[in-house]
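S.K.: what would the 3D arrangement of this be:
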Amino acid sequence: MSPSDVDGPLLRNVSGIARERDPAQPVDEVELETAIGHNVRQLRQQHGLTVADTAARVGISKAMLSKIENAQTSCSLSTLALLAKGFDVPVTSLFRGADVERPAAFVESGTGAHIVREGTREGHEYRLLGSLRGEHKRLECLHVTLSEKSQTYPLFQHPGTEFIYMLEGVMDYGHSRSVYRLHPGDSLQMDGEGAHGPVDLVEVPIRFLSVIAFPDSQV
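M.R.: Numbers count the residues shown, from 1 in each chain. Below is the predicted model of the structure:
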């Protein structure tokens, strides 16, 4: 029995693309295909054309155009020339963005920087796993360890959305007017503007991942 038979159809993020890659295919070649696909789709939309309209205008099949836009094929020089002519743009404009280095943050095990937060004075440990400033948002990832019960617990409020994933231990975690008991494997996603934080450390030590996506205004 497939997962879809048990839980219903799987959800798919339709805002991006996904495709298979031959292990022998260089990653920079994939980036080039992605850039061409993005630029072709953008040009088509700017002209207010459908895939069928564009295919007829350029002189290629709808299936081929769809593959190009979804970075599922490598364009030949002749196809690139047809696309450039069809959109009345230089061929080089189809490569725009291919040479842009996209940021990533890699942190080796045990090397995340210790940071100080409200809970530090209570003996809680916060280790930064990465903070990435994207084009529109900032993403902050923390590995949090709560090792001892305390008389008081920090209460946080911040812009954006926070996601918690429990790795070890059991705790009661409050958000706004609700309290959630979190076990290993449980997760909690919440509006950061609502007051939130540990209410009771039921089984220590407790370890969890905290990922905060800050909104545009906080970048």
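
S.K.: which residues are in contact with the residue nearest to Met190 when sequence neighbours are not counted?
M.R.: Closest residue in space to Met190, ignoring its immediate chain neighbours: His175 at 4.7 Å, by C-beta to C-beta, 6 or more residues apart in numbering. Where you see a C-beta, it was placed from the backbone N, CA and C, and this is true even at glycine. Counting by C-beta atoms under 8 Å, 6 or more residues apart in numbering, His175 touches 188, 190, 194-196.

S.K.: swap in Met190?
M.R.: Here Met190 is in contact with 161-164, 175-176, 196 (criterion: C-beta under 8 Å, 6+ apart).

S.K.: ok so it is a strand residue?
M.R.: Yes: applying DSSP: H, G, I helix; E, B strand; the rest coil, one finds Met190 inside a strand.

S.K.: quick one on the thing from earlier: mark which of the contacts of His175 are buried, thanks.
M.R.: Among these, those buried by neighbour count (16 or more other C-beta atoms under 10 Å) are 188, 190, 196.

S.K.: ok, those vs Gly97, which is closest?
M.R.: Of all those, Gly97 sits closest to Met190, with 34.6 Å by C-beta to C-beta.

S.K.: what about the contacts of Met190, which are in strands?
M.R.: 161-164, 175, 196 (DSSP state E).

S.K.: on that earlier part again, and the residue nearest to Met190, bridged to which residues?
M.R.: Ser178, His196 (DSSP bridges).

S.K.: packing partners of the longest helix along the chain?
M.R.: Under DSSP state H, the helix in the chain containing the largest number of residues is helix 27-46. Applying 3 or more C-beta pairs under 8 Å, 6 or more residues apart in numbering; DSSP states H and E, one finds that helix 27-46 contacts helix 62-69, helix 77-87.

S.K.: same thing but 7 Å
M.R.: Counting contacts by 3 or more C-beta pairs under 7 Å, 6 or more residues apart in numbering; DSSP states H and E, helix 27-46 is packed against helix 62-69.

S.K.: next, the angle helix 27-46 makes with the helix it packs on.
M.R.: Counting by axes from the mean of the first three to the mean of the last three C-alpha atoms, to 10 degrees, helix 62-69 lies at 120 degrees to helix 27-46.
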